[in-house]
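J.: Fold the following, please.
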Amino acid sequence: MRAVVQRVSRAKVSVNGEVTGEIGRGLLVLLGVGAEDAESDADYLAEKIAGLRIFEDDNGKMNRGIAEIGGSVLMVSQFTLYGDVRRGKRPSFDAAAPPAKARQLYEYLVGQIRAAGLGCETGRFQEMMQVELVNDGPVTILLDSQKVF
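T.: Model (predicted):
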């Protein structure tokens, strides 16, 4: 699984003009599920996301987690994180999980984030979505359950 985690002051996702998820201060997570991924990959990302210390403390250092600041997560599926353009200019998505598997793991990860006591809003799986955000910092962290980066 791959995630682009952005610290935001606010973010929302819409489908056909309808807001499906919206948060104030917190984390926007764009999530891609790989063909080889399993629940253990989602567990790894849930632990990382819930524990990221990327919010500033009283001394201006990134030392606080999302729970400490009372923030929420907005989780948006994005299979294009597995787009491979090493050969040519049109991405190949062969490494992305098929939709049924990706949906199951996406929903499992959302459940794990909620089980950690965090509010978690979502987009709508396998839909064209419009994502709006104000990246705070900017702070953007890349996560990969296979530890590729």
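
J.: For the rest of this, base every contact and every neighbour count on C-alpha atoms.
T.: Noted.

J.: show me what contacts the residue nearest to residue 52 when sequence neighbours are not counted?
T.: Using C-alpha to C-alpha, 6 or more residues apart in numbering and skipping the chain neighbours, the partner closest in space to residue 52 is residue 65 (5.5 Å). Residue 65 sits next to 50-55 when contact means C-alpha atoms under 8 Å, 6 or more residues apart in numbering.

J.: go on, residue 12?
T.: Contacts of residue 12 (C-alpha under 8 Å, 6+ apart): 19-23, 74, 131-133.

J.: For residue 118, which non-adjacent residue is closest in space?
T.: In space, residue 118 is closest to residue 72, 6.1 Å off (C-alpha to C-alpha, 6+ apart).

J.: can you count the residues close to that neighbour?
T.: By other C-alpha atoms under 10 Å, the residues close to residue 72 number 25.

J.: From residue 45, how far off is it?
T.: Distance of residue 72 to residue 45, given as C-alpha to C-alpha, to the nearest Å: 16 Å.

J.: got it, and residue 126?
T.: When residue 126 is compared with residue 45 (using C-alpha to C-alpha), they lie 21 Å apart.

J.: list the buried ones in stretch 60-67?
T.: 64-67 (16 or more other C-alpha atoms under 10 Å).

J.: Okay, now the unreliable bits of the protein?
T.: Applying pLDDT under 70 to the chain flags no residue at all.

J.: quick one: the helices in it?
T.: Using DSSP state H, the helices found in the chain span residues 39-51, 99-115.

J.: Which other helices and strands does the last one contact?
T.: Taking 3 or more C-alpha pairs under 8 Å, 6 or more residues apart in numbering; DSSP states H and E as the contact definition, the neighbouring helices and strands of helix 99-115 are helix 39-51, strand 119-122.

J.: So which residues make contact with it?
T.: Contact with helix 99-115 is made by 31, 33-34, 38-39, 42-43, 45-46, 50, 75, 77, 119-120, 125-126, as judged by C-alpha under 8 Å, 6+ apart.

J.: Next, the buried residues of stretch 113-129.
T.: Buried residues in stretch 113-129, counted by 16+ other C-alpha under 10 Å: 113-114, 118-124, 129.

J.: Against residue 109, how distant is residue 66?
T.: Between residue 66 and residue 109 the computed distance is 16 Å (C-alpha to C-alpha).
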